[in-house]
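> starting from these lines, generate the structure:
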Amino acid sequence: MSRIDELVAHAHAGARVPTLVAGVVRDGAPAHVASAGPYLPGQQFRIGSITKTMTAALVLALRDEGRLALDDLLYRHLPGTPVGAVTLRQLLGHAGGVQREPDGDWWERNAGTDVDTFLSTLTADKVAYPPLHGFHYSNLAYGLLGAVVSRLGGEDWREMTAKRLLRPLGLDRTTHDPAEPFARGYVMHPWLDEMREEPRLDAGAMAPAGQLWSTVEDLSRWAAFLADPDPAVLAPATVEQMCAPVVLSDLEGWTAGHGLGLQLWRRGERVFVGHSGSMPGYVAVLAVHRPSRTAVVAFANAYTMRYPGGIPGFGLDLLETVLEREPAPVAPWRPGTPPPAEVAPLTGRWWWMGREFEAGWDGGWLVITPLTTGDAPWRFEPDGLAANRWRGRSGENDGEILQVRRSATGEVTALDIATFVFTRSPWPA
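Just a heads-up that it's a prediction; the model follows:
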């Protein structure tokens, strides 16, 4: 905690921002808050593009309900749009080649329009590159996704976000418009110690790209949800899909990319998910290490923060500090329940092409561990009511079928995993 306090104080001293505040989340709960400059607990800041993570969650929720498919072309849900030849998946991952901003004045610093007016201004040249040409960050893409959400959901994006995400998760201080107490946002003069307060305008149809206001406490709850989702809000498998890479934004070092609405950062052997955000007068970051259920959120009320990598770099530095100085406790081993009688013959040593594997039972899962290579274990669950049939749910055999082979007398003779036959002998005939 003292190290986090020190890092926040040092960053604030050189950042030229009135207020800098950061929160640490451990194992699903707020663990520490550090601030420098004027700050009140529960104070709102604008979160900018972190809003996109919630818009993406709404799209995925509609997908889970069967109301859309990620590979639907946009014009299926927005008929007549001149930018319809891109898929929802490409829009979510910034891989659709759509230009960064809508037409007109800079939307972040001007009052927005309604959805119909927003859609009517689009022209075909708003697709700057062929889809999947590569990464091209697009705020416009999220305005379009917000329009899809509203059309399919039958109500305004604002109300859908509150009904499906904010209220169920208890994010009572995350709002469309600022609610006191909230931090005023500024632009700092580059070489004079002067500040200019920025306007706080409703982005209208572009709200799904960056409208929301939140607090350290609320955004920490959203970070905890991304680390360990509540199935009543969004299926854990769906959140895991959001975290899978759609496109790399750093083709040289493979240190950054995008999933379905989430930014991905790699530092060393760790991968973090989340998003950064900015609106005139504000910058913010949310970064989550899902394996350890650890996260950092941070806000500053100035449009530019002097720090290597900006506020995303600051947030990732804090998160790495937490993970390195206070690693997650190791879960102790405890005896479990024995496998069912019909499963016990599947456990033990198995061999394939001279490679050794061990099959064990772990709380309802058949777990097969590659001993020769040391690769990650494969987890299998019963495939419905089918006898002798299991479905892979992790590792390289995720989704594959394990078929138990038996002799004429019913004894287990082999495990057939996607046509790879594992036997009890390291050197079968």
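
> list the contacts for the closest residue to Pro327 other than its chain neighbours?
Residue nearest to Pro327 in three dimensions, not counting chain neighbours: Ser292, with 7.6 Å by Cβ to Cβ, 6 or more residues apart in numbering. The C-beta positions use only the backbone N, C-alpha and C, and glycine is treated the same way. Shown in contact with Ser292 (Cβ atoms under 8 Å, 6 or more residues apart in numbering): 323, 327-328.

> and the helix or strand that contains Glu159, how far from the chain's centre?
Using DSSP states H and E, Glu159 maps to helix 157-161. On the basis of Cα atoms, centre = their mean, to the nearest Å, helix 157-161 is displaced by 19 Å from the centre of the chain it belongs to.

> for that helix, which helices and strands make contact with it?
helix 51-64, helix 139-153, helix 207-210 (3 or more Cβ pairs under 8 Å, 6 or more residues apart in numbering; DSSP states H and E).

> what's the closest of those to Trp365?
Across the helices and strands packed on helix 157-161, the minimum distance to Trp365, taken as Cβ to Cβ, is reached by helix 51-64, at 23.4 Å.

> now for whichever helix or strand comes after that closest one, which elements pack on it?
Once the chain leaves helix 51-64, the next helix or strand it forms, by DSSP H and E, is helix 88-92. In terms of contacts (3+ Cβ pairs under 8 Å, 6+ apart), helix 88-92 is packed against helix 51-64, helix 139-153.

> where does the stretch 251-400 of the chain dip in pLDDT?
Residue ranges of the stretch 251-400 of the chain with pLDDT under 70: none are present.

> let's see that with 90 instead.
326-331, 333-337, 363-364, 374, 384-387, 395 (pLDDT under 90).

> need the contact list for Val115.
146-147, 150, 204-205.

> just the buried members of these?
Buried by 16 or more other Cβ atoms under 10 Å: 146-147, 150, 204-205, out of the contacts of Val115.

> with respect to Arg164, which of those is nearest?
For the buried ones among the contacts of Val115, the nearest to Arg164 is Ser150 (12.6 Å; Cβ to Cβ).

> give the contact list for that closest one.
Contacts of Ser150 (Cβ under 8 Å, 6+ apart): 115, 156-157, 160.

> same thing but 10 Å
Residues near Ser150 by Cβ atoms under 10 Å, 6 or more residues apart in numbering: 58, 115, 156-160, 205, 208.

> what do you get for Thr175?
Taking Cβ under 10 Å, 6+ apart as the test, what Thr175 contacts is 44, 158, 162, 166, 182, 211-215, 218.

> picking that back up, phi and psi next, for the residue nearest to Pro327.
phi -100, psi 0 (degrees, to the nearest 10).

> where do the helices sit along this structure?
Taking DSSP state H as the test, the helices found in the chain are 2-15, 51-64, 88-92, 115-120, 139-153, 157-161, 207-210, 216-227, 236-242, 310-325.

> comparing the ones you listed, which comes out most buried?
helix 207-210 (a mean of 26; mean count of other Cβ atoms under 10 Å).

> thinking Leu316 is in contact with Arg270, fair?
Yes. Leu316 sits in contact with Arg270 when judged by Cβ atoms under 10 Å, with a separation of 9.5 Å.

> so which of the helices of the chain comes closest to Arg393?
With Cβ to Cβ as the criterion, Arg393 lies closest to helix 236-242 of the helices of the chain, at 9.4 Å.

> run through who's touching that closest one.
Under the contact criterion Cβ under 10 Å, 6+ apart, helix 236-242 has outside partners 53, 56-57, 59-61, 63-64, 70, 92-93, 225-231, 233-235, 259-262, 273, 290, 393.

> using PDB, write out every CA atom in whichever strand in the chain runs longest.
Longest among the strand segments of the chain by residue count, using DSSP state E, is strand 270-279. Output of strand 270-279 as PDB, limited to C-alpha atoms (Å, rounded to 0.1, in the frame of the first residue of the first chain):
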ATOM      1  CA  ARG A 270       1.400 -11.500 -18.300                       C
ATOM      2  CA  VAL A 271      -1.600 -10.400 -20.300                       C
ATOM      3  CA  PHE A 272      -3.900  -7.700 -19.000                       C
ATOM      4  CA  VAL A 273      -7.300  -6.800 -20.300                       C
ATOM      5  CA  GLY A 274      -9.300  -3.600 -19.900                       C
ATOM      6  CA  HIS A 275      -9.400  -0.200 -21.600                       C
ATOM      7  CA  SER A 276      -8.100   3.300 -21.400                       C
ATOM      8  CA  GLY A 277     -10.300   6.400 -21.900                       C
ATOM      9  CA  SER A 278     -10.200  10.100 -22.500                       C
ATOM     10  CA  MET A 279     -12.700  12.900 -23.000                       C
END
